[in-house]
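**Student:** below is the structure, and that's it, no one-letter string:
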């Protein structure tokens, strides 16, 4: 089953300003949530300049990969 059928991507920005105008200490969150349980399976705190790129890459992989492959690929990039 495709990953986008099992997981949902949630992007939370800590402010309303676009990334180039964001405060230097602003931290956005990107999380992948399992739809069936509502549990967060992947979570990143990102700088505003990185949030958009990360979300785009995650959306692409969610649409193209099977759920197990998606988790294997992205778990290695999750901070410990």
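**Tutor:** Arrived safely, thanks for sending. Model, not experiment: these values are computed from the prediction.

**Student:** for residue 13, see how far away the closest residue to residue 19 other than its chain neighbours is.
**Tutor:** Using CB to CB, 6 or more residues apart in numbering and skipping residues adjacent in sequence, the residue nearest residue 19 is residue 48, 4.0 Å away. C-betas here are computed from N, CA, C, even on glycine. Separation of residue 48 from residue 13 (CB to CB, to the nearest Å) stands at 7 Å.

**Student:** what do those two both touch?
**Tutor:** residue 28 (CB atoms under 8 Å, 6 or more residues apart in numbering).

**Student:** looking at this structure, which helix is longest?
**Tutor:** The residue-count maximum for a helix in the chain (DSSP state H) belongs to helix 48-64.

**Student:** and that one, what does it pack against?
**Tutor:** Here helix 48-64 touches helix 3-6, strand 7-12, strand 28-34, helix 67-75, going by 3 or more CB pairs under 8 Å, 6 or more residues apart in numbering; DSSP states H and E.

**Student:** those into a markdown table, with extra columns for mean pLDDT and distance to residue 22?
**Tutor:** Formatted as a markdown table, the helices and strands packed on helix 48-64 follow (pLDDT from 0 to 100; distance: least, CB to CB, whole Å):
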| stretch | mean pLDDT | distance to residue 22 |
| --- | --- | --- |
| helix 3-6 | 95 | 28 |
| strand 7-12 | 96 | 13 |
| strand 28-34 | 96 | 8 |
| helix 67-75 | 95 | 24 |
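
**Student:** any chance of a markdown table for these, columns distance to residue 18?
**Tutor:** Below are the helices and strands packed on helix 48-64 laid out as a markdown table (distance: least, CB to CB, whole Å):
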| stretch | distance to residue 18 |
| --- | --- |
| helix 3-6 | 26 |
| strand 7-12 | 14 |
| strand 28-34 | 12 |
| helix 67-75 | 26 |
